[in-house]
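Novice: sequence and predicted structure, then a few things I'm wondering about:
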Amino acid sequence: MTTSDKNNKKQSIQSINTDDMPVNSEAMIGWIGSRRSMGNLDTPAPTRAQIEAAIACAATAPDHKKLQPWRFIVTEGEARRQLGAALVSAAKAQAAQQGEVLTEKTIEKTHTMPLRAPVIITVVTNMQAHKKVPPFEQLLSAGAAVQNMLLALKAQGFSTVWRTGLLCNEPAVKAYFGVGPDDYITAFVYTGTSPKDEPTRKPIDIEPLIRFES
Ligand SMILES: Cc1cc2nc3c(=O)[nH]c(=O)nc-3n(C[C@H](O)[C@H](O)[C@H](O)COP(=O)(O)O)c2cc1C
């Protein structure tokens, strides 16, 4: 990668087209709250530059001691079938542990799960040993990175859903992504365009959720 490529990457957050973005704080807060998860996504998919812009936002997540305890793996096209095969291996191993055998229907359903979107961005932890930053802080930083990514993809006109599922940290899936024993797959961010409009979120009563102290 040339120096100019690197600089272009660094600038990718600034280069997002903000024409459609809310311009005042009230509108921006409403926009953040309007994000909805959408299943069964299709093309158009984000371009490589749009994906990189979203990852650049993810990498601005709060990150104690700047450890960058996360990595991003983008799965597209035929690679989604290889991910599906890893999920099937994980499902078979999980079933075997419980003395069960998967039906062909379950195998097929599991194999095709990654086809529910044209792009899947997997966010994994890359825990660093640090005496002041315990693993739980690094895991939380990965969660914050995922949320930044969801909003950056929405800002560019795409829908997403943050999935994990019961297979995501099974050994076969971790091995597929090269994730170590002390690390976690924190998200499969399914990304694309929904054929449906995002439903309006019902107002959330925050009163029982908060307590002010003074
Ligand atoms: C860590 C995490 C894992 C999740 N895994 C799944 C999942 O595997 N499948 C799923 O349907 N939703 C999953 N969800 C929930 C959706 O991402 C979403 O938040 C939920 O459906 C509510 O929809 P909303 O985002 O429109 O409010 C997960 C959420 C989180 C935070």
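Specialist: In hand now; what should we look at?

Novice: only C-alpha atoms for contact and neighbour calcs from this point on.
Specialist: Fine.

Novice: quick one: the strands in the chain, in order.
Specialist: 70-76, 119-125, 159-163, 185-192 (DSSP state E).

Novice: and those strands as JSON lines, adding distance to the ligand, mean pLDDT and mean neighbour count?
Specialist: As requested, these are exported to JSON lines (distance: least, Cα to the nearest ligand atom, whole Å; pLDDT from 0 to 100; neighbours: other Cα atoms under 10 Å):
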{"stretch": "strand 70-76", "distance to the ligand": "15", "mean pLDDT": "98", "mean neighbour count": "18"}
{"stretch": "strand 119-125", "distance to the ligand": "11", "mean pLDDT": "98", "mean neighbour count": "25"}
{"stretch": "strand 159-163", "distance to the ligand": "4", "mean pLDDT": "98", "mean neighbour count": "23"}
{"stretch": "strand 185-192", "distance to the ligand": "6", "mean pLDDT": "98", "mean neighbour count": "25"}
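
Novice: what about residue 209, how many neighbours?
Specialist: By other Cα atoms under 10 Å, 7 other residues sit near residue 209.

Novice: need the residues of this protein near the ligand, please.
Specialist: Applying Cα under 6 Å from any ligand atom, we find that the chain lies next to the ligand at 36-37, 161-165.

Novice: now do the same contact list for residue 35.
Specialist: Counting by Cα atoms under 8 Å, 6 or more residues apart in numbering, residue 35 makes contact with 151, 154, 198.

Novice: residues contacting the second one?
Specialist: Right, residue 154. 35, 160.

Novice: beta partners for the residue most central in space within the chain?
Specialist: In the chain, the centroid-proximal residue (Cα atoms, centre = their mean) is residue 189; its distance is 3.1 Å. Taking DSSP bridges as the rule, residue 189 bridges to residue 121, residue 162.

Novice: so which of the contacts of residue 35 sits lowest on pLDDT?
Specialist: Ranked by pLDDT, those bottom out at residue 198, which scores 92.

Novice: tell me the pLDDT at the residue located most distally from the centre of the chain?
Specialist: The C-alpha centroid of the chain is most remote from residue 214, which lies 37.1 Å away (Cα atoms, centre = their mean). Residue 214 is assigned 96 on the pLDDT scale.

Novice: how confident was the prediction at residue 23?
Specialist: 77.

Novice: out of the contacts of residue 35, which sit inside helices?
Specialist: 151, 154 (DSSP state H).

Novice: export the contacts of residue 35 to JSON lines and tack on distance to residue 180?
Specialist: Output for the contacts of residue 35, formatted as JSON lines (distance: Cα to Cα, whole Å):
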{"residue": "151", "distance to residue 180": "28"}
{"residue": "154", "distance to residue 180": "31"}
{"residue": "198", "distance to residue 180": "36"}
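
Novice: closest to residue 170 out of the contacts of residue 35?
Specialist: residue 151 (27.9 Å; Cα to Cα).

Novice: mind listing the helices for this structure?
Specialist: 3-10, 25-33, 48-58, 79-97, 104-111, 135-155, 171-177.

Novice: lowest average confidence across those, which one?
Specialist: Taking the mean pLDDT of those, helix 3-10 comes last: a mean of 52.

Novice: residue 163 reaches residue 189, doesn't it?
Specialist: Yes: counting by Cα atoms under 8 Å, residue 163 does reach residue 189; the two are 6.3 Å apart.

Novice: returning to that earlier point: distance of the residue farthest from the centre of the chain from residue 87?
Specialist: 50 Å (Cα to Cα, to the nearest Å).
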